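Visitor: My questions concern the predicted model and sequence given below.
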Amino acid sequence: MPHFRSHDGLELAYRDVGAGRPLVLFHGFTGSGRDWLGTAEALAGHGHRVILPDLRGHGASAAPHDPAAYPPDVVADDGLALLAHLGHDDYDLGGYSYGGRVVLRLLARGARPGRAVVAGQGLDAVQRATSRTGVYHRALTALIDGEPVEPGSPSHWIRQAGGDPVALRHVLGTHVPTPDLDRITTPTLVLIGTEDDGHTTADALAAALPNGRFERVPGNHFTAMSSPELTAAMVNFLAQA
């Protein structure tokens, strides 16, 4: 996997799939760029070069335990550093769940892709911290403290994913709200699974964006990402760039 240095010198990893119009896709919290591989291969078949970064504290990227490495909005800082490293003036952005927040932070901070896709995300988590943040914090703290892990619990599936709980808890504290969505003029597709009950404000997110479009695809929060309908919706939307 290639790496690049972020603004503070940390080495962050990314995958590079296909050739053509660049599309940078950000994964969800506790995941990695690998989560997008199936979709990336399909998008590559439609003329895209798909770049799949591992966020700070995730996957093959640096995951320091020093709290100083996780200032507010640092994941967006990393995204801007990646865009500078790639050196493209004409590109698209996309993200799922936490990655959707990253996309909106990049747009709010001056990134100018031709189009953007925000999937698996609602208005509530973008504009403020939500109850889900507390669930993650408690689950990560339980892992750090060595508490017993119940099968099926958030702590259980975080441990199964193989992430570093100390680094992930630091990442969780870097979230910065994006209240001024009316200033984001990039054409943006907001996608959500029909059974994604934890992100029911996705339609409100699309409505808050001046050039937002809203679509539903089959699946819940975990299965919609890999649905062929989500890939097809992205292909159709990005083809209009």
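Guide: That came through fine.
Visitor: what sits against the closest residue to P165 other than its chain neighbours?
Guide: Spatial nearest neighbour of P165, excluding adjacent residues (Cβ to Cβ, 6 or more residues apart in numbering): L143 at 4.1 Å. Yep, even glycine has a C-beta here, placed from its N, CA and C like the rest. The contact partners of L143, by Cβ atoms under 8 Å, 6 or more residues apart in numbering, come to V149, S155, I158, R159, P165.
Visitor: from memory the second one sits against H137, does it?
Guide: Same thing as S155. No: if you go by Cβ atoms under 8 Å, S155 and H137 don't touch, sitting 11.3 Å apart.
Visitor: In terms of neighbours, single out the busier of the two.
Guide: When neighbours are counted by other Cβ atoms under 10 Å, S155 comes out ahead of the other of S155 and H137, with 22 against 15.
Visitor: ok, the more buried one to N220 distance?
Guide: 20 Å (Cβ to Cβ, to the nearest Å).
Visitor: go on, H175?
Guide: Taking Cβ to Cβ, one finds H175 at 23 Å from N220.
Visitor: So for those two, which sits in the more crowded spot?
Guide: Per other Cβ under 10 Å, whichever of H175 and N220 has more neighbours is H175, with 20 against 15.
Visitor: can you map out the helices along the chain?
Guide: Along the chain, the segments classed as helices by DSSP state H run 37-44, 74-86, 98-108, 123-127, 131-144, 154-161, 165-172, 202-208, 228-238.
Visitor: Deepest in the core, which of these is it.
Guide: helix 98-108 (a mean of 26; mean count of other Cβ atoms under 10 Å).
Visitor: Report the angle between that one and helix 165-172.
Guide: 40 degrees (axes from the mean of the first three to the mean of the last three Cα atoms, to 10 degrees).
Visitor: and helix 98-108, what does it pack onto?
Guide: strand 21-26, helix 74-86, strand 92-96, strand 116-119, helix 123-127 (3 or more Cβ pairs under 8 Å, 6 or more residues apart in numbering; DSSP states H and E).
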